[in-house]
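In: task: produce atomic coordinates for the following.
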Amino acid sequence: MSDHGKPNPIKNALADAVGAIRAEHDMHEVAIAFNELEPKAIEKLTPAEARTQPTMKDAVNHLLKKQNRDATPEVLVPGVIRRTIVVDTPAGALNAFVFTPTGIVNPPVILYFHGGGWAIANADVYDAGARGLAKQAGAIVVSVDYRQAPEHKFPAAWDDALASYKWVIANAASLGGDPTRLALAGESAGGNLALATAVAARDAGLQAPLHVLAVYPVGQTGSLHTESYIENAIAKPLNKAMIEWFVGHLVRSDDDKKDSRLDLEHANLRGLPPVSIVNATLDPLRSDGGILEDKLKEAGVPVERRIYTGVTHEFFGAAAVVKKAEEAQVWSGERLRQAFGRV
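Out: Numbers count the residues shown, from 1 in each chain. Now for the predicted structure:
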C-alpha cells in the first residue's frame, strides 16, 4: 500500500525497498526521548530485568511532558473508557482490559494482542494502540495478557490467544458488543498471534472473525536474513539481536520455529477473512509483512498492506506525538469499519 490514498503497487514496492530512509522529525523526537530514559540492551538482560526497561509508552509520555502536554490516556483519546476484566481459559485466568467507545450502540468487538516478543511488555504498555483502535473502529477492544516466555514456552501464548477468542465469542454480548461482528488484531508478536488465531479458528470450525489487523507482524523466525533484517540489524527500538533473544527464550527447540503457528509464511492461509497489514520502513519486520502479503494473496485472501516511511517498529501506539501513527490508526480503523459494515 502507499502511505496515502489508493493502493499504489509501484510506490509500495519502492517504500519496501528503502529501509534506511531517515526518520521523520516527530519519530526522531520520540527516539531522543527514549534514549533519555537510558534503556539497556534487552539482549544482554535476563527476562526479569528486560521487563523493567523503558518502553515506547514511557518514551511517548516523556516526550509529552517535555512538550508540556497532558499524558493522561483519557485526554489523548477522549470517548473511550477502559476497565479491567478476567478472561477465563483452560490454563487459568488472564488479565485483560476492555476499551469501550462511548455513544455507540451494539458495537463490534476486536480481540487485540500486545507485542513484546512473547516475553516482555503487557496490555498496559500497549494501551495506546488498543485505545486508538477502539476510537477509530468504533468497536469494543479486548486486550488480553497472554502467558509469556520463558516461564511459559511456545505454544502457551498461542493456546491463550485461541482460548481468549473462544471467550470473546461466548461473552461479546455481555461486554455490550455485537457477537456477530468480531475481529482480531495485534502488534508485532501480537500480530503473529492474531493471524495464527484466525487460522486456528478456521481449523476448529469456530465463528470466523470478519477481519484481521496485523501491525508489523512476525511472519517467521527461522531466517533473520531478510532485506529489512539486514538493513535494520542495529535499529531501535527493535533490532536483530533482540529478536534472537526473544526467540531463544520462546522456543523449546529449533523444531518450534517450523511450527505453522510461528512460521506463518508456510502456514495454510486459505479461507481466512480479509487482512490488513501495517509496516514501518525502519523495522526489521518490514520484509515479514511483505512476504505475508504475498502468501495471503497466493492463498486467495483479500489483503491490503501499508508501509509508513520514516517511522520505526512500535510507532503505531505513538499517535499522540507521531503523525504517521495517527494516520496508521485511522486507516486501520477504516479497514475494520468496512469489515463491520460501519463505513
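
In: okay, the residue lying farthest from the centre of the chain: pLDDT?
Out: Summary for the chain: using CA atoms, centre = their mean, the residue whose C-alpha lies farthest from the chain's mean C-alpha position is Asn68, with a distance of 28.7 Å. At Asn68, the pLDDT value in this model is 98.

In: same check on Val30?
Out: Reading off the confidence values, Val30 has pLDDT 98.

In: can you confirm it is in a strand?
Out: No: with DSSP: H, G, I helix; E, B strand; the rest coil as the criterion, Val30 is helix rather than part of a strand.

In: the helices in the chain, which residues?
Out: Remark: helices assigned in the chain by DSSP state H are 9-17, 25-36, 47-50, 56-66, 73-76, 127-137, 156-171, 189-204, 227-231, 240-250, 286-298, 323-340.

In: can I get those in JSON lines including mean neighbour count and distance to Thr100?
Out: No exception for glycine: its C-beta is placed from N, CA and C like everyone else's. Putting these into JSON lines (neighbours: other CB atoms under 10 Å; distance: least, CB to CB, whole Å) gives the following:
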{"stretch": "helix 9-17", "mean neighbour count": "15", "distance to Thr100": "35"}
{"stretch": "helix 25-36", "mean neighbour count": "18", "distance to Thr100": "28"}
{"stretch": "helix 47-50", "mean neighbour count": "15", "distance to Thr100": "32"}
{"stretch": "helix 56-66", "mean neighbour count": "19", "distance to Thr100": "21"}
{"stretch": "helix 73-76", "mean neighbour count": "15", "distance to Thr100": "12"}
{"stretch": "helix 127-137", "mean neighbour count": "26", "distance to Thr100": "7"}
{"stretch": "helix 156-171", "mean neighbour count": "21", "distance to Thr100": "14"}
{"stretch": "helix 189-204", "mean neighbour count": "24", "distance to Thr100": "20"}
{"stretch": "helix 227-231", "mean neighbour count": "18", "distance to Thr100": "36"}
{"stretch": "helix 240-250", "mean neighbour count": "19", "distance to Thr100": "32"}
{"stretch": "helix 286-298", "mean neighbour count": "20", "distance to Thr100": "30"}
{"stretch": "helix 323-340", "mean neighbour count": "20", "distance to Thr100": "15"}
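
In: for Val105, find the nearest of the ones you listed.
Out: Closest approach to Val105 among the helices of the chain is made by helix 323-340 (13.2 Å; CB to CB).

In: need the contact list for the spatially most central residue of the chain.
Out: For the chain, the residue whose C-alpha lies nearest the mean C-alpha position (CA atoms, centre = their mean) is Glu187; its distance is 0.8 Å. In this structure, Glu187 makes contact with Phe113, His114, Gly115, Tyr126, Gly129, Val215, Tyr216, Glu314, Phe316, Gly317, judged by CB atoms under 8 Å, 6 or more residues apart in numbering.

In: give me the local confidence score for it.
Out: In this prediction, Glu187 carries a pLDDT score of 98.

In: now Ser223
Out: Each residue has a pLDDT score; the one for Ser223 is 89.

In: do you know how far it is from Val247?
Out: With distances taken as CB to CB, to the nearest Å, Ser223 is found 11 Å from Val247.

In: quick revisit: with distance to Lys257 added, can I get the helices of the chain in JSON lines?
Out: Compiled in JSON lines, the helices of the chain are given as follows (distance: least, CB to CB, whole Å):
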{"stretch": "helix 9-17", "distance to Lys257": "24"}
{"stretch": "helix 25-36", "distance to Lys257": "30"}
{"stretch": "helix 47-50", "distance to Lys257": "19"}
{"stretch": "helix 56-66", "distance to Lys257": "26"}
{"stretch": "helix 73-76", "distance to Lys257": "36"}
{"stretch": "helix 127-137", "distance to Lys257": "27"}
{"stretch": "helix 156-171", "distance to Lys257": "14"}
{"stretch": "helix 189-204", "distance to Lys257": "12"}
{"stretch": "helix 227-231", "distance to Lys257": "15"}
{"stretch": "helix 240-250", "distance to Lys257": "7"}
{"stretch": "helix 286-298", "distance to Lys257": "14"}
{"stretch": "helix 323-340", "distance to Lys257": "29"}
